[in-house]
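Colleague: Predicted model and sequence follow; I will ask about them next.
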Amino acid sequence: MLFVKDLEAGYGEMQVLWGVNLEVRKGTITTILGPNGAGKTTTLRAIFGLNRPWKGVVEFDGKDVTYMPPHRKVEEGMTMVLEGRHLFPSMTVEENLMLGAYTKHAEERLEDSLELVYTLFPRLKERKKQKAGTMSGGEQQMLAIARALMTAPKLILMDEPSQGLAPKLVAEVFETISRLKDEGLTILLVEQNVFASLEISDYAYVLGEGMVVAEGTVDEIKESEAVKRAYVGV
Ligand code: ATP
């Protein structure tokens, strides 16, 4: 579903990605691991178009989308979960969800998407009239994922969805991601929470200094020397 070839990107003069290659197969959860500063977030941002790639190719569903801006990618069926703080705090839960369904494609699927979201997150249904800003951190993270779902995506990019959450909520977020896969969605996940994310993943890449240093199935990654080097002692 997604092919990334020789992707280079950075900030100002500073190059961060030095030729990242990865592939995300339809219906899988693929995880990008790696130590702090390895370029995981930058990889997601460059794929989605929040950072303009310097070089390389991003292919989505057979189409070259390398220089397509994020809002166009959303129309094509790619979305990225932004952190809870990108919600509209003074608007209600349901208003925030509705704002997610802003493309024609999403609008046509509005009722189905809302039903899916409320099935996955009953708590959001209970609290649909509550202002987003008054929800707990965990609830806001759920709302951020739910809002991304309202775009009726095929591929969801997630940047550390478990960050800053209490352990119980972390487990809940990973379970939700697993259920998204059961619903037929494809997920590219960036996580610090190595073991929890591997539990739900089909395939993983390890980034180190802007390049893929290891890749494989979950079992292969767990045995990988690169992973041990990257994480032992951290
Ligand atoms: P972490 O797990 O710590 O979030 P990461 O693997 O996601 O790390 P990135 O956030 O992609 O790493 O950062 C890679 C490098 O790019 C780091 O050296 C970081 O300081 C730098 N960087 C990230 N964002 C910016 C920015 N907006 N401006 C300048 N440099 C940045």
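Modeller: Received the coordinates, thanks.

Colleague: which bits of this structure sit near the ligand?
Modeller: Contact residues (Cβ under 6 Å from any ligand atom) of the chain with the ligand: Tyr11, Val16, Gly34, Asn36, Gly37, Ala38, Gly39, Lys40, Thr41, Thr42, Gln192. No exception for glycine: its C-beta is placed from N, CA and C like everyone else's.

Colleague: Can you tell me how far the fifth one is from Val81?
Modeller: Counting by Cβ to Cβ, to the nearest Å, the gap between Gly37 and Val81 amounts to 21 Å.

Colleague: what about the residue most central in space within the chain, which SS state?
Modeller: The centre of the chain sits closest to Met158, judged by Cα atoms, centre = their mean, with a distance of 1.4 Å. The three-state label given to Met158 by DSSP: H, G, I helix; E, B strand; the rest coil is strand.

Colleague: Renumber starting at 636 from here on
Modeller: That works, and once the first residue is 636, the last one we named lands at Met793.

Colleague: quick one, what contacts it?
Modeller: When contacts are counted by Cβ atoms under 8 Å, 6 or more residues apart in numbering, Met793 touches Met715, Val716, Ile780, Ile812, Ile822, Leu823, Leu824, Val825.

Colleague: Tell me the buried residues within the residues you listed.
Modeller: Burial by neighbour count, judged by 16 or more other Cβ atoms under 10 Å, picks out Met715, Val716, Ile780, Ile812, Ile822, Leu823, Leu824, Val825 from the contacts of Met793.

Colleague: Report the secondary structure state of the fifth one.
Modeller: Pointing back at Ile822 there. strand.

Colleague: my guess is it contacts Thr665, does it?
Modeller: Yes. Between Ile822 and Thr665 there is a contact under Cβ atoms under 8 Å: 7.1 Å.

Colleague: what's the helix or strand encompassing Leu759 in contact with?
Modeller: Here Leu759, judged by DSSP states H and E, is contained in helix 757-761. Contacting residues not belonging to helix 757-761 are listed as Val728, Leu732, Val752, Tyr753, Glu774, Met777, Leu778, Ala781 [Cβ under 8 Å, 6+ apart].
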